[in-house]
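[1] below are the sequence and a predicted model for it; my questions follow.
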Amino acid sequence: MPQRESYDRVAIVTGSDSGIGEATAVALAKAGFDVGVTFRSDEQGAAETAAKVRAAGRRAEVRRLDLSELPGAADVIDELADALGGLGVLVNCAGTGIATPVTETSWEDWRRVLAVDLDGPFLCAQRAARRMLAGRRGGRIINITSVHEHAPRVGSGAYCAAKGGLGLLTKVMAQELAADGITVNAVAPGEIATPMTGNEDVDPHTVSRPGIPAGRPGDANEVAAVVAMLAGPDAGYVTGASWVVDGGMLLMGPQAGSHLESGDWRNG
């Protein structure tokens with residue numbers, strides 16, 4: 001059985017050139033991890049994230065990772081682990097989505113979303129788990145899913161299918177790896193002020209969301225704080241869980257349904 005705090009103080013955060021991934025990389029650096037940063041197209045954003053990691057006193061390595069180029073893209077996990085001298089934490093944060101009704105979703109779009117949001121995290125987590133098992137020191141795998149791991153959204157069939165699948169993959173891996181000191185959890189954000197939601201560089205406290213109990217979107221740092229907690233040595237008995245970070249959004253199901261004043265929701 002791996003001992004507490006024995007896993008490598010090295011983390012890889014996919015999709016860490018902006019948004020939740022960037023905030024997570026910086027939070028983990030502040031928590032004492034060297035960080036592997038990945039990007040698909042925003043190399044400058046990745047460089048800026050790496051600079052923030054180094055400013056926190058930790059090492060950083062940057063690699064391009066395009067999860068539509070599978071299975072070979074997952075080689076980056078091993079490349080970064082080799083460059084940083086180990087791997088104790090993987091955060092699967094890279095993702096994509098479309099807003100298209102299921103009946104209008106093309107096969108190409110369906111496969112692209114599933115590749116990036118499910119196939120890619122599977123392959124990256126598999127690579128990470130194999131290295132952690134070989135090292136026999138335990139580790140942490142954290143999958144960034146979404147509230148749509150738990151609840152559907154009109155126009156997001158591919159995204160919801162991928163995130164729901166990743167949520168159950170998280171639970172299966174948690175069962176399989178727990179005895180080896182490797183925890184596997186999901187973090188499921190609601191609306192977060194990031195480029196993906198169209199709220200980049202917006203103070204979420206200035207945005208009104210009456211349908212969310214917190215009354216606003218979330219901040220990427222609020223998600224990163226939960227990831228950092230799960231990545232830490234004190235969370236060794238937490239596995240197979242999905243940590244919702246949504247300001248209470250999912251609590252509003254019946255209330256939202258009974259208080260809607262039009263059928264506009266049917267249009268996504």
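    Thanks, I have the structure now.

[2] so Leu80 sits against Ala60, correct?
    No - look at Leu80 against Ala60 with CB atoms under 8 Å: they stay out of range, at 10.0 Å. (Glycine included, C-beta is placed from N, CA and C.)

[3] overlap of the contact sets of those two?
    Gly36 (CB atoms under 8 Å, 6 or more residues apart in numbering).

[4] can you map out the helices along the stretch 51-200 of the chain?
    Secondary structure of the stretch 51-200 of the chain (DSSP state H, counting those that start in this stretch): helices at 75-84, 107-114, 120-135, 157-177.

[5] columns distance to Lys52 and mean pLDDT on top of those, output as JSON lines?
    Shown next, in JSON lines, are these (distance: least, CB to CB, whole Å; pLDDT from 0 to 100):
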{"stretch": "helix 75-84", "distance to Lys52": "16", "mean pLDDT": "98"}
{"stretch": "helix 107-114", "distance to Lys52": "29", "mean pLDDT": "97"}
{"stretch": "helix 120-135", "distance to Lys52": "22", "mean pLDDT": "98"}
{"stretch": "helix 157-177", "distance to Lys52": "27", "mean pLDDT": "98"}
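
[6] just tell me which of those helices ends up closest to Thr96.
    Nearest to Thr96 among those is helix 107-114 (6.0 Å), distances taken as CB to CB.

[7] the helices of the stretch 51-200 of the chain: which one's closest to Val202?
    For Val202, the closest of the helices of the stretch 51-200 of the chain is helix 157-177, at 22.0 Å, according to CB to CB.

[8] now that closest one and helix 107-114, what's the angle there?
    On the basis of axes from the mean of the first three to the mean of the last three CA atoms, to 10 degrees, helix 157-177 is oriented at 40 degrees to helix 107-114.

[9] what residues does helix 157-177 touch?
    By CB under 8 Å, 6+ apart, the residues outside helix 157-177 that reach it are 92, 97-98, 100-102, 105, 109-110, 113-114, 116-118, 121-122, 125, 129, 132-133, 141, 143, 145-146, 148-150, 152-153, 183-186, 188, 239-240, 242.
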